[in-house]
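Undergrad: Got a predicted structure plus its sequence, pasted below:
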Amino acid sequence: MNPVPINDNPFAGDNSGIQQRETAARWALRIGSYIVVIITLAIMLHIFVKGAPVVFRTQWPFVNTQFLTELPATLHVIEDQQGNHIETDVNGADAVKKKLGDNFRAEKTISYSGGGILGPIVGTALLVVVSVGVALFLGVACAIYLSEYARHGKFLEMVRLAILNLAGVPSVVFGLFGLGAFVLTAPRFVDVPAERSVFSIPFGFTTLSFEGWDTCVLSGGFTLAFVILPVIITASEQCLQAVPQGFRETSMALGATRWQTIRYSVLPFATPGILTSSILGIARAAGETAPIMFTAALAFKDKLPWQKDLPPLPADASIFAHWEQSVSRFLGIFTESVQALPYHIYTLAAKIPQNEYAERAQYGSVFVFLVLVASLAASSVLLRKRLRAKYRW
Amino acid sequence: MSAEPTAKTTPPPVVQVRDMDFCYGDSKALFDINLKVKYHRVTALIGPSGCGKSTLLRCINRMNDRVPSARVTKGEVLVKGKNIHDADVDLTQLRKQVGMVFQKSNPFPKSIYENVAYGLRIHGEKNKSVLDEAVERSLTHAALWEELKDRLQANALALSGGQQQRLCIARAIATVPDVLLMDEPCSALDPISTLKIEELMHQLAHEFTVVIVTHNMQQAVRVSDYTAFLHLGKLVEFAPTEELFTNPREKLTEAYLRGTFS
């Protein structure tokens, strides 16, 4: 029996530096991750610290209702001889000046920084409704066709490539496309075609004129729909593919047609995923600025889309007696241009010179916007969890 | 195994495959297949993996249509005397009358009731009492009614593997098909569940013509009246099961049964 040397370590490292490289690699990766986390937290914290005081109050009702329920307005700042600053709106300015009398020294006006942001919130909501409606219909139809009907081959690969490329197109390009396609040339029914109409098809009682929809919710919503289409198509197709092939085979073997199979044995089980992806699409659509710059958004508008100078409906009759008018007025909402949150933020940020009074509206808008997007994302996660539990296989 | 029916009462074969060649794209999977499946008998298709037995089974209800490049290149398949590749054959009607049970039990993640009623619903049956009656009848046939009658609204995925497969059988027979195709229905099941399904097959043969693919030769012996042995896409031997297993005519069959390919 050979004696075993006491201090001999059979597993000693060879000191070739492999341990040092291992440690260095781990720390480099770890530091990279920390930087990402820190920057993300810094952004969130910055916006929270600056934005939350605008939206929340320390006293009941704890929320700055004025900021959420008023339209943006010009802020008037009046300075008196003692150097005090009084913030007021355009109506209050004269009263304040009269009260100050000789004590008045100067008045500054800062556009869009007073009032609230109801206009942009409403505009973004309308844009999101239209764009998600259009994108869900087109996107799910396209995904079903690609996944269930189309034959695998070169053509399908090309379509997929095209969709992926669509996702990579800069959003300002979509904006220009929307300007050309929806604002200037989309077809609409009119009595007399406008001069700029590309061409028109007379039907006698009306004319289908390719003269565009103007800058309005509809144009912006359709443009945004094309921005989020690739997301929705790709995600929906993945959800459809995730439904086991066995469901389709069984359904077909029982004599179901292809559409019956999709309707009863594929779509119900793909819906949770499709809804989740569509909510992420909402977040994306709500956040895009460039596509709506030329197609829907205004820097400032002093009316909500349904506030028009129209004669009121006769008070004596019920809403049903004038349903045609009611419907056309409702649809009229979508042919109005609006303010939108991301574009409002852009407008505020682009104001030069910057000053302390503009900050309130800027950070308030950003904070509200972030809260909206975060709650959308959270609801998508919740929805997915609940539906997953219901449709498991 | 049931006795041979007398010549006088023998009905025509329910399924008849005549000189059939079958291709996936350029590669031939089945060569010159001839097969007559007898009315209300269990016919087993056996053979080594990749011999084409599943492909042959799926020719009978044209499930191979789902594979883009797959097609019958020669010969014909007759079900109830009709060539199923004729232009005037409606696939949904064919598959309603030729039911199928798959290797992997795959109930829909719906209630037990809805699973069984699925076939009838897609063929337009809305009458509640007809559906109720069909569900009870099918589950009874599949030997599940007593176990499940109190929880028909429970999710089918809550059932055990063997119950799921019997539910799939109930679902397939709910439309009262003439032929029931089974593609290795027991290969994913434990021995006790397998036994139950094998017992079931004897019962089913009273009502349906059954064609079963199995890789388990003992199972073929236990459940089938006729056995077809396939090898490399060719039908080597087709005979009453007892005859094929005790006294095979072909050398290749004998070698396969002995477990040796000499």
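TA: Received, thanks. Owing to the predicted nature of the structure, the values given are computational and were not obtained by experimental measurement. Residues are numbered from 1 along each chain as shown, chains lettered A, B, ... in the order given.
Undergrad: Number of residues surrounding the residue lying closest to B:Pro68 once chain neighbours are set aside?
TA: Excluding the flanking residues, the one nearest B:Pro68 by CB to CB, 6 or more residues apart in numbering or on different chains is A:Arg151, at 5.8 Å. Every C-beta, even on glycine, is put in place using the N, C-alpha and C of the backbone. Residues near A:Arg151, counting by other CB atoms under 10 Å in any protein chain shown, number 8.
Undergrad: repeat for B:Leu200
TA: 20.
Undergrad: Mind checking what secondary structure the residue nearest to it when sequence neighbours are not counted has?
TA: Sequence neighbours aside, B:Ala143 is the residue nearest to B:Leu200 in space, at 5.6 Å (criterion: CB to CB, 6+ apart). Three-state secondary structure (criterion: DSSP: H, G, I helix; E, B strand; the rest coil) places B:Ala143 in coil.
Undergrad: Just the pLDDT for B:Ala143.
TA: Model confidence at B:Ala143, expressed as pLDDT, equals 86.
Undergrad: Can you check my assumption that A:Lys303 lies in a strand?
TA: No. Per three-state DSSP, A:Lys303 lies outside any strand segment and is coil.
Undergrad: do you know how far it is from chain B?
TA: From A:Lys303 across to chain B, the span is 50 Å (CB to the nearest CB, to the nearest Å).
Undergrad: Need the nearest residue in space to A:Thr234, chain neighbours excluded.
TA: Taking CB to CB, 6+ apart, and ignoring the residues beside it in sequence, A:Thr234 has A:Ile163 as its nearest neighbour in space, at 6.6 Å.
Undergrad: Cross-check the contact I'm expecting between the one you found and A:Ile233.
TA: Yes. Here A:Ile163 lies in contact with A:Ile233, judged by CB atoms under 8 Å, at a distance of 5.5 Å.
Undergrad: Confirm for me that A:Val55 is in contact with A:Thr65.
TA: No. Applying CB under 8 Å, one finds A:Val55 not in contact with A:Thr65, separated by 9.9 Å.
Undergrad: More neighbours: which of the two?
TA: Set side by side, A:Val55 and A:Thr65 show unequal neighbour counts under other CB under 10 Å, the larger going to A:Val55 at 19 against 12.
Undergrad: got the contact list for that one?
TA: Applying CB atoms under 8 Å, 6 or more residues apart in numbering or on different chains, one finds that A:Val55 lies in contact with A:Val63, A:Asn64, A:Phe67, A:Leu68, A:Gly364, A:Phe367, A:Val368, A:Val371.
Undergrad: In PyMOL, how would I select the buried members of those residues?
TA: Buried subset of those, written as a PyMOL selection, criterion 16 or more other CB atoms under 10 Å in any protein chain shown:
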select buried, chain A and resi 64+67+364+367+368
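Undergrad: follow-up on the earlier one: which one's more surrounded, A:Ile163 and A:Ile233?
TA: For A:Ile163 versus A:Ile233, neighbours defined as other CB under 10 Å are more numerous around A:Ile233 (27 against 19).
Undergrad: which parts of the stretch 101-250 of chain A sit against chain B?
TA: By CB under 8 Å from any CB of the partner chain, the residues of the stretch 101-250 of chain A that approach chain B are A:Arg151, A:His152, A:Pro244, A:Gly246, A:Phe247, A:Glu249, A:Thr250.
Undergrad: And those residues, which of them are buried?
TA: Among those, those classed as buried by 16+ other CB under 10 Å are A:Pro244, A:Gly246, A:Phe247, A:Glu249, A:Thr250.
Undergrad: Now do the helices in the stretch 151-300 of chain A.
TA: Per DSSP state H, counting those that start in this stretch, the stretch 151-300 of chain A carries helices over the ranges A:154-168, A:171-178, A:217-242, A:245-253, A:258-261, A:267-287, A:290-293.
Undergrad: so which strand or helix has B:Leu180?
TA: strand B:179-183 (DSSP states H and E).
Undergrad: Counting by contacts, list what that strand packs against.
TA: For strand B:179-183, the helices and strands in contact under the criterion 3 or more CB pairs under 8 Å, 6 or more residues apart in numbering or on different chains; DSSP states H and E are helix B:53-60, strand B:98-101, helix B:161-173, strand B:209-213.
Undergrad: and the residue nearest to B:Pro68, backbone torsions?
TA: Summarising the backbone geometry of A:Arg151 under the convention degrees, to the nearest 10, its torsions are phi -80, psi 140.
Undergrad: how close does the residue of the stretch 51-200 of chain A found nearest chain B sit to A:Tyr145?
TA: Closest approach between the stretch 51-200 of chain A and chain B, counting by CB to the nearest CB: A:Arg151, at 5.8 Å. Distance, A:Arg151 to A:Tyr145, by CB to CB, to the nearest Å: 11 Å.
Undergrad: just B:Leu244 next, same as before
TA: If you measure B:Leu244 against A:Tyr145 using CB to CB, the figure is 48 Å.
Undergrad: Comparing the two, which residue is more hemmed in?
TA: Neighbours of B:Leu244 and A:Tyr145, each counted by other CB under 10 Å, are more numerous for B:Leu244; the result is 26 against 14.
Undergrad: Give me the phi and psi angles of the more buried one.
TA: Dihedral angles for B:Leu244 - degrees, to the nearest 10 - are phi -60, psi -40.
Undergrad: just checking, it touches B:Thr253?
TA: Yes. Under the criterion of CB under 8 Å, B:Leu244 makes contact with B:Thr253 at 6.7 Å.
Undergrad: Spell out which residues are contacts of both of those two.
TA: In terms of CB under 8 Å, 6+ apart, B:Leu244 and B:Thr253 are both contacted by the residues B:Phe229, B:Glu237.
Undergrad: So A:Gly178 sits against A:Gly220, correct?
TA: Yes. Applying CB under 8 Å, one finds A:Gly178 in contact with A:Gly220, separated by 7.1 Å.
Undergrad: Quick check: neighbours shared by these two?
TA: A:Pro291, A:Thr295.
Undergrad: And the two? Which one has more around it.
TA: Between A:Gly178 and A:Gly220, counted using other CB under 10 Å, the more crowded position is A:Gly220 (34 against 30).
Undergrad: pLDDT below threshold where in the chain?
TA: Reading this off chain A. Across chain A, residues meeting the criterion (pLDDT under 70) sit at A:1-5, A:308-322, A:352-354, A:390-393.
Undergrad: Sorry, I should have been clearer: chain B.
TA: Of all residues in chain B, those with pLDDT under 70 make up the ranges B:1-10, B:261-262.
Undergrad: center of it, which residue is that?
TA: To find the centre residue of chain B, average its C-alpha atoms and take the closest one (CA atoms, centre = their mean): that gives B:Leu181, at 1.6 Å.
Undergrad: Pull the contacting residues for it.
TA: With contact taken as CB under 8 Å, 6+ apart, B:Leu181 is in contact with B:Leu57, B:Arg58, B:Ile60, B:Asn61, B:Val98, B:Gly99, B:Met100, B:Val101, B:Val211, B:Ile212.
Undergrad: I am finished for the moment; much appreciated.
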